[in-house]
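S.K.: structure, please.
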Amino acid sequence: MEHFDWHQPTQIRFGRGRLAEVGEVAKKYGRRCLLVTGHSSEAKLPIYEKVKEELGARGVEVVHFDGVVTNPTTEIVEEGVQIATQHNVNVLLGLGGGSSMDTAKAIAVGATHPGKAWDYRLFAEKAITHKTLPIIAVPTTSGTGSQVTPVSVITNPAEKFKSALVSPFVCPRSCIVDPQLMLTVPEHITASTGFDAFAHAFESYIHKSASPYTDLLAVEAIKIIVRYVPKAIEEGTNKEARAWMAWADTLAGLCISNAGTVLPHGIGMAIGGHAPHVLHGEALAAIYPEFMRYTYNSSVGKFASLGRILNPGLEGVPDEVAASRSCEETEKFLRKIGMWLDLKKLKVPEDKLAAIAADSVRLPDYEVNPRVATSDEILEMLKQSYEH
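M.R.: Sure, this is the predicted structure:
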């Protein structure tokens with residue numbers, strides 16, 4: 001067995017009704033909290049008010065920043081940083097999907113470090129330090145795993161580039177995973193975030209830094225997602241399905257925290273930089289069929305395992321056959337959950353494909369794929385993914 005490391009600094013509080021503990025958690029880290037969320041819509045307002053009530057009951061002062069958008073931008077982060085600085089907050093609470101949690105993480109860096117949060121992205125010269133404000137994460141979707149990861153993904157519109165702040169210091173100190181908060185998530189968001197969690201689990205499974213520990217959790221997460229995401233889509237208020245999906249999302253987040261993602265995530269982030277209206281799960285779904293066909297021969301055993309999870313009828317066939325069939329079975333799964341998409345359907349400009357391919361190799365994900373792609377090969381994948 002090869003050497004491997006495992007690190008997970010986030011306390012996980014999992015279970016229905018545990019949102020009631022948010023005040024107790026927050027007061028351990030500070031008494032002036034910046035609550036970071038998306039827009040205070042009618043559907044989300046009761047959750048936001050509940051959190052404010054629980055924080056107030058524990059003597060925690062709340063400042064609410066509700067300016068988060070899908071694929072959060074550097075401008076949004078800087079707006080949050082100004083509010084955090086103005087009110088001298090000492091703890092951040094990201095409540096919502098991955099965008100809210102990632103924005104909270106970036107604000108926690110920007111409010112405590114010289115310059116701007118974007119200056120601390122991957123491959124930048126500045127390093128994130130222990131001065132980062134403590135972060136609490138409360139997810140309301142099941143897909144990004146951000147509640148347990150050392151990553152904050154943000155987009156710089158001026159550069160049309162999506163990158164990440166990566167550091168153990170941006171790991172949330174504590175997260176509350178309450179499946180009750182996912183019961184009202186719309187069908188397509190359930191499917192998109194669910195496929196993101198699937199991709200996290202599978203990509204960490206085939207990652208060059210995978211370990212027996214991440215393999216164990218990744219396979220379990222994939223099995224849960226394949227079983228429960230269709231049910232969560234069809235029956236949004238199904239408590240069992242929502243609970244299992246919340247757990248699978250957390251498992252997949254733990255996996256990418258300790259192994260990472262591979263080629264599709266680098267491409268997906270590049271797509272987000274040039275087409276910020278595209279959800280991350282949508283971008284992944286559009287390129288996964290081509291990624292599968294490109295890669296399966298370079299990790300036959302693990303692609304075979306995926307094929308057998310998706311279709312137990314492949315148990316008796318050789319690995320080479322099951323690995324090849326995993327491509328077809330993944331396509332069937334995408335159709336089943338309503339995520340059979342292509343870049344044309346997602347309104348990604350065709351004339352941006354070359355720029356997307358070039359940006360895909362600015363991030364390290366492609367280097368740790370079982371088969372390392374060139375930018376030309378990525379461009380060909382994008383062309384094939386443009387219209388299925």
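S.K.: drop to CA atoms for contacts and neighbour counts, all remaining ones
M.R.: OK.
S.K.: tell me where the stretch 51-200 of the chain has strands.
M.R.: Taking DSSP state E, counting those that start in this stretch as the criterion, the stretch 51-200 of the chain carries its strands at 61-65, 91-96, 135-139, 151-156, 161-166, 174-177.
S.K.: and the fourth one with strand 161-166, angle?
M.R.: For strand 151-156 against strand 161-166, the angle by axes from the mean of the first three to the mean of the last three C-alpha atoms, to 10 degrees is 150 degrees.
S.K.: now strand 151-156 - C-alpha only, CSV.
M.R.: The C-alpha trace of strand 151-156 is given here as CSV (Å, rounded to 0.1, in the frame of the first residue of the first chain):
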residue,chain,number,x,y,z
VAL,A,151,-11.3,25.7,-1.9
SER,A,152,-13.1,28.9,-2.9
VAL,A,153,-13.9,29.2,-6.6
ILE,A,154,-14.5,32.7,-8.0
THR,A,155,-14.6,34.3,-11.5
ASN,A,156,-12.8,37.4,-12.7
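S.K.: that older thread, would you mind giving the strands of the stretch 51-200 of the chain as a markdown table with distance to T112, mean neighbour count and mean pLDDT added?
M.R.: A markdown table is the format used below for the strands of the stretch 51-200 of the chain (distance: least, C-alpha to C-alpha, whole Å; neighbours: other C-alpha atoms under 10 Å; pLDDT from 0 to 100):
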| stretch | distance to T112 | mean neighbour count | mean pLDDT |
| --- | --- | --- | --- |
| strand 61-65 | 17 | 18 | 98 |
| strand 91-96 | 11 | 27 | 98 |
| strand 135-139 | 13 | 28 | 98 |
| strand 151-156 | 16 | 24 | 97 |
| strand 161-166 | 14 | 23 | 96 |
| strand 174-177 | 19 | 26 | 98 |
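S.K.: and those strands: which comes nearest D376?
M.R.: strand 161-166 (19.0 Å; C-alpha to C-alpha).
S.K.: could you give the number of residues near E367?
M.R.: 17 (other C-alpha atoms under 10 Å).
S.K.: just T237 next, same as before
M.R.: T237 has 16 nearby residues by other C-alpha under 10 Å.
S.K.: what about the chain, any weak spots by pLDDT?
M.R.: 1 (pLDDT under 70).
S.K.: residues in contact with the residue positioned nearest the centre of it?
M.R.: Geometric centre of the chain, nearest residue: T144, 2.5 Å, by C-alpha atoms, centre = their mean. If you count contacts by C-alpha atoms under 8 Å, 6 or more residues apart in numbering, T144 has them with G97, G98, T193, D196, A197, D249, G253.
S.K.: between those residues, which has the most around it?
M.R.: So for the contacts of T144 (other C-alpha under 10 Å), the most neighbours sit at D249, 34 neighbours.
S.K.: what helix or strand does that residue sit in?
M.R.: helix 239-258 (DSSP states H and E).
S.K.: compute the distance between R173 and A358, please.
M.R.: Distance of R173 to A358, computed by C-alpha to C-alpha, to the nearest Å: 36 Å.
S.K.: more neighbours, those two?
M.R.: R173 (21 against 17).
S.K.: neighbours of F291, just the number please.
M.R.: 18.
S.K.: ramachandran coordinates for it?
M.R.: Main-chain torsions, F291, degrees, to the nearest 10: phi -60, psi -40.
S.K.: shouldn't it be in contact with H265?
M.R.: No - look at F291 against H265 with C-alpha atoms under 8 Å: they stay out of range, at 10.6 Å.
S.K.: just say helix, strand or coil for the residue lying farthest from the centre of the chain.
M.R.: When distances are taken from the C-alpha mean of the chain, G316 lies farthest, 34.2 Å away, according to C-alpha atoms, centre = their mean. Classification of G316 using DSSP: H, G, I helix; E, B strand; the rest coil returns coil.
S.K.: got phi/psi on I12?
M.R.: phi -110, psi 120.
S.K.: who does it form a beta bridge with?
M.R.: I12 has the following beta-bridge partners by DSSP bridges: C175.
S.K.: how many neighbours does it have?
M.R.: I12, neighbours per other C-alpha under 10 Å, totals 17.
S.K.: ok, it to D178 distance?
M.R.: Relative to D178, and taking C-alpha to C-alpha, I12 is found at 10 Å.
S.K.: N90 now?
M.R.: 24 Å.
S.K.: the more surrounded of these two?
M.R.: D178 (23 against 20).
S.K.: quick one: residues contacting that one.
M.R.: F14, G15, R16, G17, R18, L19, V138, P139, T140, A243, A246.
S.K.: so what's the backbone phi/psi at the first one?
M.R.: With angles defined as degrees, to the nearest 10, F14 shows backbone torsions of phi -110, psi 140.
S.K.: repeat for the fourth one
M.R.: With angles defined as degrees, to the nearest 10, G17 sits at phi 90, psi 0.
S.K.: and the spatially closest residue to it that is not a sequence neighbour, how close does it get to D319?
M.R.: Spatially, and ignoring its direct neighbours in sequence, G17 is nearest to D178 (6.2 Å; C-alpha to C-alpha, 6 or more residues apart in numbering). As judged by C-alpha to C-alpha, D178 and D319 stand 39 Å apart.
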